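Colleague: sequence below, structure please.
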Amino acid sequence: MPYHSTSAEAWYADPQVPASTPISIELLPPEQLSQPLWRSLAGNLSDTFAPEKLPPLQLTSRPVNVGLLLGDRLSLPWFRTVFTNIGDVLSPETLPPLELESQPVDVGELITDQLSHMWWASLLRNLADRVAPESLPSIQLTAKPIPDIIPKSWILLPLWSEVVDGPKVFYPDKPKPVEVSRAAAPKPVPAPAEPEKSLPADPTTTDLLRDIRRSKIRKRIWIGMATAQVAYLVVAAFWPSLF
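Modeller: Model (predicted):
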């Protein structure tokens, strides 16, 4: 079956070469891999003692001075680097202004600068944003919105186990009365007077009182910590020499 490479040749062909000129594709390895050892050795010796004279190189790009190469810098003795560092500190090299080829983008205030401000600066900034917020242009969405996954006609109700809150308490069943015949019923004997016993407290009420007592303790601890922090900030702001 013939191979049609018209589209590939039209895509990769040089516009100066006519379309009818066939493109030769060489997929074989170079001849240098198959030459004998003595020929390779003779070629290397001839390149060393009698190198080929080539025309001067024509650079189409602007050369950039990268300074001393890393290999040359590592080969220097240690005292050269010490003297170089001292010279850079005392009389630094005057460099030309930096030429930016990309378009700068305003990213606002950096995170390090934001963290260096005092705490009241962020407080005032938040109040200003709340009172007079900055008007921003409308956002341009490039993605399509996702359709509603759950139809609006459905009603989602929570599970009953998530609604019920509180410990489960199981009270014992009340004892059933025992039927006794009247004829065989003995005379009631008055029982000795016993001191009244306090009824057992409801476990739900006990747990609730314990939770309220613990919440009050936690509230006092957090209020004390917040008061100490505010006092520390005020003292550090007006008397920084104490710290």
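Colleague: got the confidence number for the residue nearest the centre of the chain?
Modeller: The chain has Ile111 as the residue nearest its centroid, 14.3 Å off, counting by Cα atoms, centre = their mean. In this prediction, Ile111 carries a pLDDT score of 84.
Colleague: where's it relative to His117, distance?
Modeller: Plainly put, Ile111 is 11 Å away from His117 if you go by Cβ to Cβ, to the nearest Å. For the C-beta atoms, the positions are set from N, CA and C on the backbone; glycine is no exception.
Colleague: how about Ser24?
Modeller: 69 Å.
Colleague: for the longest helix anywhere in the chain, what is the distance to the chain centroid?
Modeller: Using DSSP state H, we find that the single longest helix of the chain is helix 203-238. Offset of helix 203-238 from its chain centre (Cα atoms, centre = their mean, to the nearest Å): 33 Å.
Colleague: and it, average pLDDT?
Modeller: Average pLDDT, helix 203-238: 89.
Colleague: quick one: the strands in the protein?
Modeller: Remark: no strands are assigned in the chain by DSSP state E.
Colleague: any chance you could map the helices in the chain?
Modeller: 6-12, 37-49, 70-75, 78-90, 111-116, 119-131, 160-163, 203-238.
Colleague: out of these, nearest to Pro63?
Modeller: Shortest distance between Pro63 and these, using Cβ to Cβ, is found for helix 70-75: 17.7 Å.
Colleague: quick check: Gly67 vs Leu208, distance?
Modeller: 76 Å.
Colleague: and what of Lys174?
Modeller: Counting by Cβ to Cβ - Lys174 and Leu208 are separated by 25 Å.
Colleague: looking at those two, which is more packed in?
Modeller: Leu208 (13 against 6; other Cβ atoms under 10 Å).
Colleague: how far away is that one from Phe83?
Modeller: 79 Å.
Colleague: just Asp173 next, same as before
Modeller: 98 Å.
Colleague: of those two, who's got more company?
Modeller: Phe83 (9 against 6).
Colleague: poorly predicted segments of this structure, please.
Modeller: 1-21, 146-169, 178-201, 243 (pLDDT under 70).
Colleague: and if we set it to 50?
Modeller: For the chain, applying pLDDT under 50 flags the ranges 1-13, 17.
Colleague: how about Lys216, what does it touch?
Modeller: If you count contacts by Cβ atoms under 8 Å, 6 or more residues apart in numbering, Lys216 has none.
Colleague: any idea how far it is from Pro203?
Modeller: In terms of Cβ to Cβ, Lys216 sits 21 Å off from Pro203.
Colleague: okay, stretch 95-113 in CSV with CA atoms only?
Modeller: What follows is stretch 95-113 as a C-alpha-only set of coordinates in CSV (Å, rounded to 0.1, in the frame of the first residue of the first chain):
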residue,chain,number,x,y,z
LEU,A,95,25.8,47.2,38.4
PRO,A,96,23.7,48.6,35.6
PRO,A,97,19.9,48.9,36.2
LEU,A,98,17.9,45.7,35.9
GLU,A,99,16.0,45.4,32.7
LEU,A,100,12.7,43.6,33.2
GLU,A,101,11.3,41.9,30.2
SER,A,102,8.1,40.7,31.9
GLN,A,103,5.1,42.8,32.9
PRO,A,104,5.1,43.5,36.7
VAL,A,105,2.0,42.5,38.6
ASP,A,106,0.8,44.3,41.7
VAL,A,107,0.4,41.7,44.5
GLY,A,108,-0.3,44.2,47.2
GLU,A,109,1.6,44.1,50.6
LEU,A,110,3.8,41.2,51.2
ILE,A,111,3.1,38.7,54.0
THR,A,112,6.3,39.6,55.8
ASP,A,113,5.4,43.3,55.8
